[in-house]
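*Asks:* Dropping a prediction and its sequence here:
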Amino acid sequence: MDKLIETRVQEWMGDKYDEMTRMELQLLIDNKDEKELVDRFYKELDFGTGGMRGVIGAGTNRMNIYTVGKSAQGIANYLLQGGRNKKDLSVVISYDSRHFSDVFSLRSALIFAGNGIKSYLFSHLQTTPLLSFAIRYLKAKAGVMVTASHNPPEYNGYKVYYEDGAQVLPPHDKGIISEVRAIQSVDEIKIMDKQEALDKGLLQYIGNEINESYFDTLFKSIDFLVNKSDHEKLIKIVYTPLHGTGNIPVREALKRMGYSVAVVPQEEMPNGDFPTVKYPNPEEADALKLAIQQAKDTKSDLVLATDPDCDRVGIAVKDHRGEFILFNGNQVGVILSHFLFSKLKEKNLMPANPLLVKTIVSTDMTDGICQDFGVEFEEVLTGFKYIAEKVKKYHELEEGSKKFLFGFEESYGYTFGDYVRDKDAVSSCLLISILADECKKMNITLIEYLNNLYRKYGYYLETLKSLTLKGKEGVEAIQTIMEYFREHPLKEIHRSRVVKIRDVERRKIYDIVQNRELDLDLPVSNVLTYYMENGSKVTLRPSGTEPKIKFYFSFHQKNNGTPLEDIKSSTEQLLENIANDFVKQVNQIIN
């Protein structure tokens, strides 16, 4: 074992660390599990631009009260820079249903208290969108959400927000990272006793008053979508929170709108083991199985599923045969944007300079929809914080600037309006349900609504493949893949010539046909996109939250008089071939 790793292990076996931590490590030592010890200690769990995420356990490369403590102390140090008055500083903290989420959130609050910074801590688990809303509502300087989103049960995470209600961006992200990494010892972590923090007013529990303000704002924002004279709701909904935080807020939002909602009983209660699913991820068909079966049994129309922190939503829609069809994140983004724009236009409420924002790996289909309705669109890097950055920018500019209407990313995240600066599955569930109900009143399904858009704007298809590469070797393999495709650019993919390459890390677009380089107006990020002559494109991007590298494939087929079903069939086959060929080539590089 490496000397540095041995030193770290011995340090953690010392009396600065609690007995449970020492016992956990002693068991690994006794079992001579060197591989596990190396993985736990070969590095510090990285605190990145949005926070950190990792496997729960003892060690520098794990989520535990000590790595969480360093993060909280680093945030406190950053907030106190420049002699800021502690009385003006506060942090809002929320947490989901994962193992130790409540422990990590309270620990953080007591560390902020130890630094003289007040914490507003939710008295029970709450959603990410509510945290984002609460930061601005309470005029806090920052926020923390303890969650690992849709990762497997052994994970937890730590997302950091700033006073605008969005995840931290430059310069604050780099400033916080610097302070976290500067902490060399757990001795530097200041922590206050819970009762003392309560007595001094440095810890305040908050309850449902924030929820009511959130709901008031939400329902005011969608008022234009609601026909006041139409009180009848036709659709029946089955909803699953996947053992997470969405159970109460999502059902409450739908109930207030008058919808008939049944929850999946096996997945209703919070449970960090997520016993009914392999991953609590609404992108996965497996995660919706129980909900779809219940919807079939009860002759319901729509299935909604949210992830543990309730910022993302997946849906399944019943077709005319009674079968349930899954929508992907791009498809939901398309139907919601079209629906919102249609209603605004219909009621003469479209603002001046309207704006849609999406990420660079999301569908291009909304480009045509935006052009149709006179809505400008902008692309940002992957990560909803970049969408939130645009919202903040235009919100703070003078009258006449762009008016943000809707934002989305392909990974099942959507938001509209300005009151939540992150993905919001609660409001998205409500929007989807309103559209589905309106479709049923027109005797069509959401599937037919989407197909009508395909007929008008052309057929767009996207698919995602990913490779999970864990541990130190996995990190190195991902780096090898990105370096290979950057240094050895492909000339063709599945018999179609590469005509353009977008390298976000180098901030360049390489036009192969014109033999020229163009500057790219995006921040540096390890993302590479190949554009092919046949209209397809492939994007490579290492995940920022999981030990994965992701490959995004897309293809656009214009309408040429061919029946839609035929276009779908040929496009699906082509894209599947492209994806399989590309992943096969990736595997050859690393094996």
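*Replies:* Great, that's in hand. This structure is a prediction, so every number in the text was calculated from the model and none was measured.
*Asks:* how about the lengthiest helix in the chain: buried residues?
*Replies:* As assigned by DSSP state H, the longest helix anywhere in the chain is helix 564-590. Within helix 564-590, the residues scored as buried using 16 or more other C-beta atoms under 10 Å are 567, 568, 571, 574, 575, 578, 579, 582, 586, 590. C-betas here are computed from N, CA, C, even on glycine.
*Asks:* Over to stretch 354-373?
*Replies:* 354-370, 373.
*Asks:* With distance to residue 423 and pLDDT added, can I get the buried residues of helix 564-590 in TSV?
*Replies:* What follows is these, written out as TSV (distance: C-beta to C-beta, whole Å; pLDDT from 0 to 100):
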residue	distance to residue 423	pLDDT
567	31	91
568	28	92
571	28	91
574	31	90
575	26	92
578	29	92
579	26	93
582	28	92
586	29	92
590	32	87
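*Asks:* Save these as CSV, and put in distance to residue 43 too.
*Replies:* Shown next, in CSV, are the buried residues of helix 564-590 (distance: C-beta to C-beta, whole Å):
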residue, distance to residue 43
567, 48
568, 46
571, 43
574, 41
575, 37
578, 36
579, 32
582, 30
586, 25
590, 20
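*Asks:* just to revisit the earlier point, just checking, what packs against the longest helix of the chain?
*Replies:* The contact analysis (3 or more C-beta pairs under 8 Å, 6 or more residues apart in numbering; DSSP states H and E) places helix 564-590 against helix 446-457, strand 459-468, helix 471-487, strand 492-493, strand 548-557.
*Asks:* Give me the subset of the buried residues of stretch 354-373 lying in strands.
*Replies:* Per DSSP state E, strands hold the following members of the buried residues of stretch 354-373: 354, 355, 356, 357, 358, 359.
*Asks:* Kindly reformat those residues as JSON lines containing distance to residue 506 and pLDDT.
*Replies:* JSON lines is the format used below for those (distance: C-beta to C-beta, whole Å; pLDDT from 0 to 100):
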{"residue": "354", "distance to residue 506": "33", "pLDDT": "96"}
{"residue": "355", "distance to residue 506": "28", "pLDDT": "96"}
{"residue": "356", "distance to residue 506": "27", "pLDDT": "97"}
{"residue": "357", "distance to residue 506": "24", "pLDDT": "97"}
{"residue": "358", "distance to residue 506": "23", "pLDDT": "97"}
{"residue": "359", "distance to residue 506": "19", "pLDDT": "96"}
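*Asks:* can you map out the strands along the stretch 101-250 of the chain?
*Replies:* 118-122, 142-146, 155-162, 203-206, 236-240 (DSSP state E, counting those that start in this stretch).
*Asks:* Kindly reformat those as CSV containing distance to residue 35, mean pLDDT and mean neighbour count.
*Replies:* As requested, those are arranged in CSV below (distance: least, C-beta to C-beta, whole Å; pLDDT from 0 to 100; neighbours: other C-beta atoms under 10 Å):
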stretch, distance to residue 35, mean pLDDT, mean neighbour count
strand 118-122, 38, 98, 23
strand 142-146, 28, 98, 27
strand 155-162, 19, 96, 25
strand 203-206, 41, 97, 17
strand 236-240, 37, 98, 26
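*Asks:* For residue 434, which of the ones you listed is the nearest?
*Replies:* strand 236-240 (11.4 Å; C-beta to C-beta).
*Asks:* can I get the CA coordinates of the closest one in CSV?
*Replies:* Provided in CSV are the C-alpha atoms of strand 236-240 (Å, rounded to 0.1, in the frame of the first residue of the first chain):
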residue,chain,number,x,y,z
LYS,A,236,-56.5,10.1,-13.4
ILE,A,237,-52.9,10.2,-12.2
VAL,A,238,-50.6,7.6,-10.5
TYR,A,239,-47.6,9.1,-8.8
THR,A,240,-44.5,7.7,-7.2
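*Asks:* Return the list of helices and strands in contact with that strand.
*Replies:* Using 3+ C-beta pairs under 8 Å, 6+ apart, strand 236-240 sits against helix 247-256, strand 260-263, helix 289-297, strand 302-306.
*Asks:* buried ones in the second one?
*Replies:* For strand 260-263, burial by neighbour count (16+ other C-beta under 10 Å) applies to 261, 262, 263.
*Asks:* Next: stretch 478-488.
*Replies:* 478, 481, 482, 484, 485.
*Asks:* Show me where this structure dips below the pLDDT cut-off.
*Replies:* Counting by pLDDT under 70, the chain shows low-confidence ranges at 49, 228-229, 398-400.
*Asks:* Report the secondary structure state of residue 279.
*Replies:* coil (DSSP: H, G, I helix; E, B strand; the rest coil).
*Asks:* would residue 510 count as being in a helix?
*Replies:* No. Counting by three-state DSSP, residue 510 is not part of a helix but strand.
*Asks:* With adjacent residues omitted, what lies nearest to it?
*Replies:* Spatial nearest neighbour of residue 510, chain neighbours left out: residue 501 (4.4 Å); criterion: C-beta to C-beta, 6 or more residues apart in numbering.
*Asks:* is it fair to say the one you found lies in a strand?
*Replies:* Yes. Counting by three-state DSSP, residue 501 is found in a strand.
*Asks:* you'd agree it is up against residue 537?
*Replies:* No. The pair residue 501 / residue 537 is not scored as a contact, 10.2 Å apart, by C-beta atoms under 8 Å.
*Asks:* Find residues that contact each of these two.
*Replies:* 529, 530, 531 (C-beta atoms under 8 Å, 6 or more residues apart in numbering).
*Asks:* Of residue 501 and residue 537, which one has the most company?
*Replies:* For residue 501 versus residue 537, neighbours defined as other C-beta atoms under 10 Å are more numerous around residue 537 (23 against 20).
*Asks:* Against residue 377, how distant is the residue nearest to that one when sequence neighbours are not counted?
*Replies:* The shortest distance from residue 537 to any non-neighbouring residue, by C-beta to C-beta, 6+ apart, is to residue 531 (4.8 Å). Using C-beta to C-beta, to the nearest Å, residue 531 is found at 18 Å from residue 377.
*Asks:* Looking at these two, which one has more neighbours?
*Replies:* residue 531 (21 against 18).
*Asks:* count of neighbours near the closest residue to residue 241 other than its chain neighbours?
*Replies:* Spatial nearest neighbour of residue 241, chain neighbours left out: residue 247 (4.1 Å); criterion: C-beta to C-beta, 6+ apart. Neighbourhood size, residue 247 [other C-beta under 10 Å]: 24.
*Asks:* Now do the contacts for residue 247.
*Replies:* By C-beta under 8 Å, 6+ apart, the neighbours of residue 247 are 241, 263, 268, 269, 270.
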